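J.: Okay, here's the prediction I keep looking at, along with the sequence it came from:
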Amino acid sequence: MKIVFLDVKTIGEDIDLSGFDKLGEVVKYDFSTTEEALERTKDADVIILNKVEINERSIGLADHLKLVCVTATGTNNLDKEYLEKRGIEWRNVAGYSTETVAQHTFALLFYLLEKLRYYDDYVKSEKYIGDTSFTHFDHVFHEINGKTWGIIGLGNIGKRVADIAKMFGCHVIYFSASGKNYQPGYERVDLDTLLTQSDIVSVHAPLNDNTRHLMNESAFKKMKKSAIFLNLGRGPIVDEQALTDAIINDEIMAAGLDVLDVEPMSIENPLRKIKDSEKLIITPHIAWASIEARTRLMEIILGQIKEWAGIK
């Protein structure tokens, strides 16, 4: 079989992909536009991709194509009706990044909560040298023990975050955007209740019609002024202008984001104007990307292709 990677750079260059070479001919492209994909998939049996849109414009000439593998959980970039019409199967991967996204959620939280940027700068600027006290109290921070943590999207990742938050002594509540998710052992509330009661709000939901711009101007105005907001779901769940205004106007204390509406970050993104790292930290969509998670991801993809092809 011929296997074509359309955007192999999205996996990273430090992951061993040699297992795919044992399955047949493998061609790797760093990145592909829709137009490039149309030509590059012409004689492919299997394609592996992350962000490339898969539709008639990108695979319309791929007469041999039988399987599409997405190196992610989300499949918004697949035209599933077109794939079904063509008899082309598709696979995605769930659960590979649960631990690393949960870990990054707490990394963002503690960076903001404990004012780590300020205290790191304080020491490295040498103001601590010869200070009058062994402890510097200028920027107050709080324990999360006893605080209410509201989770939007209690799937695998949200549930893992909830489990860890409970270990820290948090009271966990959650909101299901679909209205269908019931998790025993956790308190389900409506969105208004979650926003008004939570000291920490974290998003771990998929992007769909129920969640797009769920966090808008009205939502941020309902939050506590002392609250920290975290988005580890999808960028368009948040109205970025509304979040910018909420931070600048002190309607919330701080925000930590790993996802943005447009990625890489657009020059038009209003969040660019916020330079205070105590109020905002943005990481470049890396929460999923520990080397363990990426290795696990590609091992699952390899297994999916073997299973599809009937290879032991």
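T.: Received it, and whenever you're ready, just let me know what you need. Numbering: from 1, shown residues only.
J.: So residue 19 belongs to a helix, correct?
T.: Yes - according to DSSP: H, G, I helix; E, B strand; the rest coil, residue 19 belongs to a helix.
J.: in this protein, which helix or strand is least confident?
T.: Taking mean pLDDT, DSSP states H and E as the measure, the chain has helix 116-124 as its least confident helix or strand, at a mean of 92.
J.: Can you pull out the residues in contact with that one?
T.: Counting by C-beta atoms under 8 Å, 6 or more residues apart in numbering, helix 116-124 makes contact with 110-111, 128, 136, 138-139, 277-278, 281, all of which sit outside it. (Each C-beta comes from the backbone N, C-alpha and C, glycine too.)
J.: cool, and stretch 172-182?
T.: With C-beta under 8 Å, 6+ apart, stretch 172-182 has contacts from 148-155, 158, 162, 165-166, 183, 186-191, 193-194, 197-198, 205, 208, 210-211, 214.
J.: could you redo the last one with a cut-off of 6 Å?
T.: By C-beta atoms under 6 Å, 6 or more residues apart in numbering, the list of residues contacting stretch 172-182 from outside reads 149-152, 154, 162, 165-166, 186-189, 191, 194, 205, 210-211.
J.: What segments of the stretch 1-150 of the chain are helices?
T.: Using DSSP state H, counting those that start in this stretch, the helices found in the stretch 1-150 of the chain span residues 18-21, 34-40, 56-59, 80-86, 98-113, 116-124.
J.: got JSON lines for those helices, with mean neighbour count and distance to residue 293 too?
T.: Output for the helices of the stretch 1-150 of the chain, formatted as JSON lines (neighbours: other C-beta atoms under 10 Å; distance: least, C-beta to C-beta, whole Å):
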{"stretch": "helix 18-21", "mean neighbour count": "13", "distance to residue 293": "17"}
{"stretch": "helix 34-40", "mean neighbour count": "16", "distance to residue 293": "25"}
{"stretch": "helix 56-59", "mean neighbour count": "20", "distance to residue 293": "27"}
{"stretch": "helix 80-86", "mean neighbour count": "13", "distance to residue 293": "25"}
{"stretch": "helix 98-113", "mean neighbour count": "20", "distance to residue 293": "4"}
{"stretch": "helix 116-124", "mean neighbour count": "14", "distance to residue 293": "24"}
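J.: right, and these - which one's nearest residue 245?
T.: The closest of those to residue 245 is helix 98-113. By C-beta to C-beta, the value is 18.3 Å.
J.: And the closest one, how far out from the chain middle?
T.: 11 Å (C-alpha atoms, centre = their mean, to the nearest Å).
J.: which secondary structure elements does it contact?
T.: helix 156-167, strand 254-257 (3 or more C-beta pairs under 6 Å, 6 or more residues apart in numbering; DSSP states H and E).
J.: could those go into a markdown table alongside mean neighbour count?
T.: Formatted as a markdown table, the helices and strands packed on helix 98-113 follow (neighbours: other C-beta atoms under 10 Å):
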| stretch | mean neighbour count |
| --- | --- |
| helix 156-167 | 20 |
| strand 254-257 | 24 |
